[in-house]
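K.L.:
Next input, structure requested:
(chains A and B, ligands or ions: 2)
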Amino acid sequence: MISIENVSKWYGQFQVLNACSTAVRKGEVVVVCGPSGSGKSTLIKTVNGLEAFQQGEIRIGGTSVDAPNTDLSKLRSHVGMVFQHFELFPHLSILDNLTLAQLKVLGRNKDEAADKGLRLLERVGLKAHAGKFPIQLSGGQQQRVAIARSLAMDPVAMLFDEPTSALDPEMINEVLDVMVELAQEGMTMMCVTHEMGFAKKVAHRVIFMDHGQIVEDERKDEFFANPKSERARDFLAKILH
Amino acid sequence: MSYAFDFSDLSQYADVLLHGVVVTLGLTGVSTVLGGALGVVGAALVLRGPAWLRWLIAAYIELIRNTPFIVQLFFVFFGLPSLGIQMGEIEAALLAMTVNLAAYAIEIVRAGIESVKHGQYQAALSLGLSGRQAFRYVVLPQALAAVFPALLSQVMIVMLGSAVVSQISVQDLTYAANFIQSRNFRSFECYIAITAIYLVMAILLRRLCNGLGSGLFAGQKR
Ligand SMILES: Nc1ncnc2c1ncn2[C@@H]1O[C@H](COP(=O)(O)OP(=O)(O)O)[C@@H](O)[C@H]1O
Ligand SMILES: [Mg+2]
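P.N.:
Ligands and ions are numbered 1, 2, ... in the order given. As a prediction, the model looks like this:
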């Protein structure tokens, strides 16, 4: 579904991504972890072309992300992305947040889009808030709306960039629950997260990054049982206390 | 020292005053729409356009912000005909007001756009919106909401500043006062009257726009 081959990226002299290669198969859940500044956000944003890269190739369902003839908007409309800071549109109601791209990108009509939006809000337990504005919701609720907003586009894969790290602890689980459910339904997911409980529960593979490199790319059990590199061991020790 | 006020015969000039009000409001309205639209387009170009265009717009903004409005007006009305560009006084006033407002509006809207977090733009793109759609539906509404008070102030400045268009014989509110006092020689009363009218117009317009604004931008008190 997603293939990342030898991707490198520089900011001037500074190399953020160093020959990263991996793949996410259909229905697979891959967790990406690693210390802050290791390039996780940058990597995941190269997947849907939000960040450009100088070397290598990324393909989604066979379509190259940075080929000149690729319709990037169309490609992105098939790949959901959930951000650390939710990024709901503050000037639109919750329902309008869910319908905007359905109307403007997919060309659905108003009723269709609202219908879909409401069904997804119901699914994340927030149908009653459809008419509110984002600022009136808690962080956890906003992030659930953000997930529903992505799902409204019927994505073939979902990307998450630390979806729970900006949340108060008591709100983390309500968001993780939605993600777990998605994973169990067979959604293809690439998740940057340090929630190792989530990883243990639903991930198929875990990628560990450091200094712009993919240091480990292992099956989940393998990764937790005996991480090969020193750096991953240290990281796990810190994060699991 | 005593002055005997006499407003009695002002009433017979009510239609002249009303005509002046209509002209002043009309000029302000049209230049606000045109200047505002140019402000949005200009701001987008300043942030995204080719270098030469950015430079050109920056020069235009400097030129307008550092010269008196009345000079800009005279330049349009008395200067441009030398280049063969002839226009009536209303058109000249509209052009000068629009060009003036647009320069300030570009700066204000640009600041508004820059105040919108980059993540908002990324989120819009990630949903498949094109860059243009992301700007139009996500960034711009937030930018305008953020700078609405500043834009409104600028419109007020333009409206009040438009009094000088009477200098090129546009029959605005100030022109009406000049006209009336040249007939009835009651200049004090005349200027008291139009001062009051300007004041009421400005206050009402500000109220109206603020009301409109908070309706339009509901839900995003940030
Ligand atoms: N626009 C940028 N310009 C220069 N350096 C950047 C930019 N964005 C990110 N970086 C740097 O790239 C590195 C990786 O960033 P990021 O992908 O956000 O890391 P992570 O998500 O793993 O914390 C960091 O060292 C960060 O400082
Ligand atoms: Mg990050």
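
K.L.:
Can you say which helix or strand has residue B:38 in it?
P.N.:
helix B:14-48 (DSSP states H and E).

K.L.:
That helix - contacts with which helices or strands?
P.N.:
Of the remaining helices and strands, those touching helix B:14-48 by 3 or more CB pairs under 8 Å, 6 or more residues apart in numbering or on different chains; DSSP states H and E are helix B:51-65, helix B:89-115, helix B:140-161, helix B:173-184, helix B:187-216. Just so you know, the C-beta spots here come from the backbone N, C-alpha and C atoms, and that holds for glycine as well.

K.L.:
For ligand 1, give me its nearest residue in chain B.
P.N.:
Of all residues in chain B, residue B:118 sits closest to ligand 1, at 9.6 Å by CB to the nearest ligand atom.

K.L.:
Can you give me the pLDDT of that residue?
P.N.:
Note on residue B:118: pLDDT of 94.

K.L.:
Residue A:23 and residue A:7 touch, don't they?
P.N.:
No: the pair residue A:23 and residue A:7 fails to qualify as a contact (CB atoms under 8 Å) at a distance of 11.9 Å.

K.L.:
what about these two, which has more around it?
P.N.:
Higher neighbour count among residue A:23 and residue A:7: residue A:7, with 25 against 14, using other CB atoms under 10 Å in any protein chain shown.

K.L.:
so is the nearest residue to the more buried one once chain neighbours are set aside in a helix, a strand, or just coil?
P.N.:
On the basis of CB to CB, 6 or more residues apart in numbering or on different chains, the spatially nearest residue to residue A:7 that is not a chain neighbour turns out to be residue A:56, at 3.5 Å. At residue A:56 the chain is in strand, as set by DSSP: H, G, I helix; E, B strand; the rest coil.

K.L.:
what's the neighbour count on residue A:56?
P.N.:
Close neighbours of residue A:56, defined as other CB under 10 Å, add up to 17.

K.L.:
ok, it - contacts?
P.N.:
A:4-8, A:19-21 (CB atoms under 8 Å, 6 or more residues apart in numbering or on different chains).

K.L.:
Report the buried members of those residues.
P.N.:
Buried members of the contacts of residue A:56, counted by 16 or more other CB atoms under 10 Å in any protein chain shown: A:4, A:7, A:20.

K.L.:
Now for residue B:118, how many residues are close by?
P.N.:
Applying other CB under 10 Å, we find 10 other residues in the vicinity of residue B:118.

K.L.:
and what of residue B:51?
P.N.:
Neighbours of residue B:51 under the rule other CB under 10 Å: 7.

K.L.:
any idea how far it lies from residue A:93?
P.N.:
Separation of residue B:51 from residue A:93 (CB to CB, to the nearest Å): 40 Å.

K.L.:
likewise residue A:101?
P.N.:
As defined by CB to CB, residue A:101 lies at a distance of 15 Å from residue A:93.

K.L.:
again with residue A:43
P.N.:
In this view, residue A:43 and residue A:93 are 33 Å apart by CB to CB.

K.L.:
more crowded one of those two?
P.N.:
In terms of neighbours (other CB under 10 Å), residue A:43 is the more surrounded of residue A:43 and residue A:93; the figures are 29 against 18.

K.L.:
Okay then, goodbye and thanks.
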